[in-house]
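# would you be able to build a 3D model of this:
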Amino acid sequence: MSSTRRNLLKAGLAASALPVAGCATTGGAAGPGPFQPTWDSLIAGYSTPDWFRDAKLGLWAHWGPQCVPEFGDWYGRQMYIQGNPFYDHHLAHYGHPSETGFLNIIGQWKAEAWRPEELLDLFQAAGARYVVAMAQHHDNLDLFDSRHHAWNSTRVGPGKDIVGTWERLVRARGLRFGVSNHGAHAWHWWQTAYGYDAEGPKAGRRYDAATLTRADGAGTWWDGLDPQELYTGPTFAPPNGIGSIAEMNAWHDERDGQWIETPPENNPAFVRSWVARQRDLVDRYKPDLVYFDNYGLPLGQHGLDATAYLYNASLAWRSELPVVNGKRLEPRQRRGIVETVERGFNDALMPEPWQTDTCIGDWHYNRSRFEHHSYVPAKSVVQRLCDVVSKNGNLLLSIPMRGDGSIDADERAILGDLAAWVRVNGEVIFESRPWRIYGEGPTAVAAGMHGEGGARPWTAGDIRFTTRAGILYALALDWPEDGKVRVRSLGRQALEGRTVERVELVGGGALPFSQTADGLVIDLPVDRPVAFVPAFRIRGAGLA
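Just a heads-up that it's a prediction; the model follows:
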């Protein structure tokens, strides 16, 4: 009996409810299969697949036309906000957004230096066991061969099926493949493009989204396309007469600047489009993982429909459940999909597998990160990986790509340093499971999203644990200056009398140690097999 079938039986779903020889138990939005589009059904029938629990590290190609200006995150929205640095950058480099809008940035996105095979070489060497391709961002451009949206990367921009290319190459390497869909927020995110300057010589002149029609594309690279399908329509267009930048910003902040998860009542066409495109994405590329950039699931019932459909379809394709990521989940929801904590932490060993997603720079490429050498270094990435894995989680890491599809020299160096650590210490991370506690140490983290910016540096006293194949592993998140690692959790008292029999440095050999009632003290050698975060095999009866 397969683990999937066993889990469904355990949850009270009959074996006959599984899709067999084309038999359907449900239809409609959820498709044929055992899952209904309700939280109760998802929670009752779901278990996180072993491949995800084994993988631990994914790398993310969070890449699209917003990387072309090389100015950072949310360029498409912020370039239409007067007084914003993105607006100033756009005005200086491209022109006024009433004349040169984001549509024109898409036209400049050519991906001429994109070498996905070379990037995958770097990703795989760095330890990636799954690769996630962005399929649609808030800018509402599909980066795949979309049947339901003409504004897609095969028709405009690079003229390539970005997702399809990643999918083919990733699977050829035996890695798992995921997609990220951020597009459920496009309908409110784009409303700044329907605004205007509140002050200055062009005050009152509406930006391009408010004026462009299909007819305006005649004879251009977007001939035949409707700009309103890209910009989603004026749901929250600012009214005439706003006379100051502050007043315009307040208008947006109170309306379209909110993170809205409900469907737009006055824009049902957008919802129909999102639903059709999400199903098309799943049917075409059969992802192992779908990352929704949403609190819970997108667009109310439509997100439940999409998730149940993916679960049922995946059982039919490969007799295996996929992973669906959502954010800020209620505790019970964490049993129906896998929570992802954007740029943040968990402060405890979690009962359900989870993920943190973060980036070594800005989500969209920012040239100043390279110029000022301000990326997150490999040491910090490894420390984060160890902390997350010890708490039953995975790390999904974005390496920002330039608009042309390349990465810069600093990013290559970081991937190289990460690969060097993984070559030595991969056994401590991959296919591992948490120990009875995640670790110990003085450095506390705050649970929740977006907390990494205020986190304190890890120290040699911060220890994390994993287990694999009957071995207990300990990781010191920094090298101690005095050459000794101290672990209170491995003292005889904490271990209830169990004895540590042998300690080995991963990548080295046996080490001298002493175990007292209060802790374990490990003496480190002068030679270091890795530049940061040493790992140790701890052997002894009943330890793992």
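# could you use CA atoms for every contact and neighbour count after this?
Noted.
# what ranges do the helices span in the stretch 251-400 of the chain?
Under the criterion DSSP state H, counting those that start in this stretch, the stretch 251-400 of the chain contains helices at 268-285, 301-318, 367-371, 378-390.
# let me have these in CSV, extended by mean neighbour count, distance to residue 133 and mean pLDDT.
CSV is the format used below for those (neighbours: other C-alpha atoms under 10 Å; distance: least, C-alpha to C-alpha, whole Å; pLDDT from 0 to 100):
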stretch, mean neighbour count, distance to residue 133, mean pLDDT
helix 268-285, 17, 11, 98
helix 301-318, 22, 17, 98
helix 367-371, 15, 21, 98
helix 378-390, 23, 20, 98
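# and these as JSON lines, adding distance to residue 241?
Formatted as JSON lines, the entries for those read as follows, by distance: least, C-alpha to C-alpha, whole Å:
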{"stretch": "helix 268-285", "distance to residue 241": "28"}
{"stretch": "helix 301-318", "distance to residue 241": "37"}
{"stretch": "helix 367-371", "distance to residue 241": "37"}
{"stretch": "helix 378-390", "distance to residue 241": "49"}
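# looking at these, spot the one closest to residue 123.
Closest to residue 123 of these is helix 378-390 (C-alpha to C-alpha; 13.3 Å).
# before we move on, the earlier item: residue 188: which of the helices of the stretch 251-400 of the chain is closest?
With C-alpha to C-alpha, the closest approach to residue 188 among the helices of the stretch 251-400 of the chain belongs to helix 268-285: 10.8 Å.
# now for that closest one, which elements pack on it?
Helices and strands touching helix 268-285, as assessed by 3 or more C-alpha pairs under 8 Å, 6 or more residues apart in numbering; DSSP states H and E, comprise helix 162-172, helix 301-318.
# any buried residues in the shortest one, and which?
In other words, helix 162-172. Going by neighbour count (16 or more other C-alpha atoms under 10 Å), the buried part of helix 162-172 is 162, 163, 164, 166, 167, 170.
# so for that helix, mean pLDDT?
Computed over helix 162-172, the mean pLDDT rounds to 98.
# so after it, what's the next helix or strand?
Following helix 162-172 in sequence order, the next helix or strand is strand 176-181 (DSSP states H and E).
# who's in contact with that next one?
Outside strand 176-181, the residues within contact range by C-alpha atoms under 8 Å, 6 or more residues apart in numbering are 129-137, 163, 167, 170-171, 278, 287-293.
# just to revisit the earlier point, just the closest of the buried residues of helix 162-172 to residue 351, please.
Nearest to residue 351, judged by C-alpha to C-alpha, of those is residue 170 at 30.0 Å.
# that closest one contacts residue 131, correct?
Yes. Between residue 170 and residue 131 there is a contact under C-alpha atoms under 8 Å: 7.0 Å.
# can you put the buried residues of helix 162-172 in a markdown table and add distance to residue 30?
Converted to a markdown table, the buried residues of helix 162-172 look like this (distance: C-alpha to C-alpha, whole Å):
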| residue | distance to residue 30 |
| --- | --- |
| 162 | 27 |
| 163 | 24 |
| 164 | 24 |
| 166 | 27 |
| 167 | 24 |
| 170 | 27 |
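# farthest pair within those residues?
Across these, the longest distance by C-alpha to C-alpha is 12.2 Å; it joins 162 and 170.
# can you tell which of the helices of the stretch 251-400 of the chain is closest to residue 93?
When the helices of the stretch 251-400 of the chain are compared by C-alpha to C-alpha, helix 367-371 sits nearest residue 93, at 14.3 Å.
# would you mind writing the CA trace of the closest one as PDB?
What follows is helix 367-371, C-alpha atoms only, in PDB (Å, rounded to 0.1, in the frame of the first residue of the first chain):
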ATOM      1  CA  ARG A 367      22.200  46.700  -9.300                       C
ATOM      2  CA  SER A 368      23.300  48.700  -6.100                       C
ATOM      3  CA  ARG A 369      23.500  45.300  -4.200                       C
ATOM      4  CA  PHE A 370      26.400  44.400  -6.500                       C
ATOM      5  CA  GLU A 371      28.000  47.800  -6.600                       C
END
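# contacting residues around that helix?
Contacting residues not belonging to helix 367-371 are listed as 70, 71, 72, 361, 375, 408, 410 [C-alpha under 8 Å, 6+ apart].
# which of the residues you listed are buried?
Buried, going by 16+ other C-alpha under 10 Å: 70, 71, 72, 361, 375, 410, out of the contacts of helix 367-371.
# just the ones in strands from these, please.
In strands, judged by DSSP state E, none of those are found.
# tabulate those residues (a markdown table), appending distance to residue 115.
Shown next, in a markdown table, are these (distance: C-alpha to C-alpha, whole Å):
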| residue | distance to residue 115 |
| --- | --- |
| 70 | 19 |
| 71 | 22 |
| 72 | 22 |
| 361 | 21 |
| 375 | 22 |
| 410 | 17 |
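# how about a markdown table for those, with distance to residue 29 and pLDDT added?
Converted to a markdown table, the buried ones among the contacts of helix 367-371 look like this (distance: C-alpha to C-alpha, whole Å; pLDDT from 0 to 100):
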| residue | distance to residue 29 | pLDDT |
| --- | --- | --- |
| 70 | 39 | 98 |
| 71 | 40 | 98 |
| 72 | 37 | 98 |
| 361 | 38 | 98 |
| 375 | 43 | 98 |
| 410 | 46 | 98 |
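# which member of these is positioned nearest residue 43?
Nearest to residue 43 among the buried ones among the contacts of helix 367-371, counting by C-alpha to C-alpha, is residue 361 at 34.9 Å.
# any idea how far that closest one lies from residue 323?
Relative to residue 323, residue 361 is positioned 25 Å away (criterion: C-alpha to C-alpha, to the nearest Å).
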